[in-house]
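Asks: All I have is the shape, not the residue letters:
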């Protein structure tokens, strides 16, 4: 039987929610708004999906993580002293994008989006460290649900709500709204007092101790299986999700604003699924929760492939239903996986360890994101969606070796 769950304090929920919301804004803008804008410009699908390379800073977070664990102002807050300036940089880069429209200043826009990702990725390191510091073992399910939901609300605002209102707001006001929201989050977090570290984790972390702890983590039994598990759980799902909205635009000839609304329905499903994932992770051991979520995720991808293959109708009702259900199961899986990842973290090097796992997760998603358009150009839409389904089902085989090598992290 799992241990009794514990509800995180309201202030923990609030701080983590708004910080992950701020990260979700630019990522939603890039993954939805920018991608749709590039599709409307008539660029080849390979070029559209290659815009995902702008999110590469997320793969380099481990380079910053050791410095975040070793340095920081105890007076201002060990994590806050990193979060606040990076959050300001995120706001400035969102404001810069306001003066670079896709049709007239595409290069400048891509540079601005790159810096959005750079600041958001760098900010994510101390925020993840803060989450590891704040959440107890029985708070992981609820705490990670709060983080994922906050992030996806940001994606919903930046990638669906604001983009759907682009004809009303205009490009400049849309981007300035994102910048204003990031500034509001900065001000709110500045008012929060970060609690001191527990006595057992106080004191400066030396490079030698950090290296020794990392060596233990990578040499533990099953360490390789854990990394492979985290790297591949979204391979097939990402291959499908990165292409679905361009398929609606290019093959079904649906208007951008309508596609953005469909994406909004998907995000609603994802939010509900993320909350359900938090509940699942508090009722079951984290690894078992991931297993159930991964199994039902594969079922939803069957429906999406069937639509692209012409086996089911493509009316609005069906598109909304399939999109919402698929994103529900995606949210369910994401929250349970993040709870499992956090359960494996050595809290003494919380930012570094969790960031390493998160970077592996991002790197795993980057491969299909970058290659999806080229695959479609070469093989067509339906075969690529089928490949995504097969990859998602094949991931379930990794539970066999991983269950045999589960270990508890250092404290």
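Replies: Arrived safely. In this text the structure is predicted, and so the values were computed from the model without any measurement.
Asks: only C-alpha atoms for contact and neighbour calcs from this point on.
Replies: Will do.
Asks: low-confidence ranges in the stretch 151-300 of the chain?
Replies: Filtered on pLDDT under 70, the stretch 151-300 of the chain yields the residue ranges 197-207, 209, 216-219.
Asks: What segments of it are helices?
Replies: With DSSP state H, counting those that start in this stretch as the criterion, the stretch 151-300 of the chain has helices at 162-164, 166-190, 207-219, 223-232, 235-250, 256-283, 286-308.
Asks: Which strands or helices does the last one pack on?
Replies: Just to be clear, that refers to helix 286-308. Of the remaining helices and strands, those touching helix 286-308 by 3 or more C-alpha pairs under 8 Å, 6 or more residues apart in numbering; DSSP states H and E are helix 256-283, helix 316-343, helix 381-395.
Asks: Of all these, which one comes closest to residue 135?
Replies: helix 316-343 (9.4 Å; C-alpha to C-alpha).
Asks: Who are the packing partners of the closest one?
Replies: helix 140-156, helix 256-283, helix 286-308, helix 350-379.
Asks: Residue 328 is nearest to which of those?
Replies: helix 256-283 (4.2 Å).
Asks: tell me which residues in the closest one are buried?
Replies: Residues of helix 256-283 classed as buried under the neighbour-count rule (16 or more other C-alpha atoms under 10 Å) are 256-257, 259-283.
Asks: just the helices and strands packed on helix 316-343: most buried one?
Replies: Counting by mean count of other C-alpha atoms under 10 Å, helix 140-156 has the highest mean neighbour count of the helices and strands packed on helix 316-343, with a mean of 28.
Asks: just the angle between that helix and helix 166-190, please?
Replies: Compare the direction of helix 140-156 with that of helix 166-190 by axes from the mean of the first three to the mean of the last three C-alpha atoms, to 10 degrees and you get 140 degrees.
Asks: Which one of the helices of the stretch 151-300 of the chain lies nearest to residue 12?
Replies: Ranking the helices of the stretch 151-300 of the chain by distance to residue 12, with C-alpha to C-alpha as the measure, places helix 166-190 first at 11.1 Å.
Asks: who does that closest one touch, helix- and strand-wise?
Replies: Counting contacts by 3+ C-alpha pairs under 8 Å, 6+ apart, the secondary-structure elements packed against helix 166-190 are helix 10-28, helix 80-97.
Asks: so who does residue 159 touch?
Replies: With contacts taken as C-alpha atoms under 8 Å, 6 or more residues apart in numbering, residue 159 has the following neighbours: 25, 27-33, 260.
Asks: Could you dump the helices and strands packed on helix 316-343 into a markdown table and include distance to residue 91?
Replies: Rendered in a markdown table, the data for the helices and strands packed on helix 316-343 read as follows (distance: least, C-alpha to C-alpha, whole Å):
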| stretch | distance to residue 91 |
| --- | --- |
| helix 140-156 | 14 |
| helix 256-283 | 23 |
| helix 286-308 | 34 |
| helix 350-379 | 23 |
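Asks: and of these, who's closest to residue 212?
Replies: Proximity to residue 212, assessed across the helices and strands packed on helix 316-343 by C-alpha to C-alpha, is greatest for helix 350-379 (12.4 Å).
Asks: Now the closest one: average pLDDT?
Replies: Rounded to a whole number, the mean pLDDT of helix 350-379 is 81.
Asks: now that helix and helix 235-250, what's the angle there?
Replies: Helix 350-379 runs at 50 degrees relative to helix 235-250, counting by the same axes, to 10 degrees.
Asks: so how far is helix 350-379 off the chain centroid?
Replies: The chain centre lies 11 Å from the centre of helix 350-379; the measure is C-alpha atoms, centre = their mean, to the nearest Å.
Asks: what packs against it?
Replies: Under the contact criterion of 3+ C-alpha pairs under 8 Å, 6+ apart, helix 350-379 touches helix 45-50, helix 61-70, helix 106-134, helix 223-232, helix 235-250, helix 316-343, helix 381-395.
Asks: Go through those and find the least confident stretch.
Replies: Set side by side, the helices and strands packed on helix 350-379 differ in mean pLDDT, and helix 45-50 is lowest with a mean of 68.
Asks: if we can go back for a sec, closest to residue 188 out of the helices and strands packed on helix 316-343?
Replies: In terms of C-alpha to C-alpha, the element of the helices and strands packed on helix 316-343 nearest to residue 188 is helix 140-156, at 14.9 Å.
Asks: which other helices and strands contact the closest one?
Replies: Helices and strands touching helix 140-156, as assessed by 3+ C-alpha pairs under 8 Å, 6+ apart, comprise helix 10-28, helix 256-283, helix 316-343.
Asks: how far does the second one sit from the chain's center?
Replies: Going by C-alpha atoms, centre = their mean, the spacing between the C-alpha centre of helix 256-283 and its chain's C-alpha centre is 13 Å.
Asks: all numbers from here: first residue = 604
Replies: Shifting the count to begin at 604 puts that one at helix 859-886.
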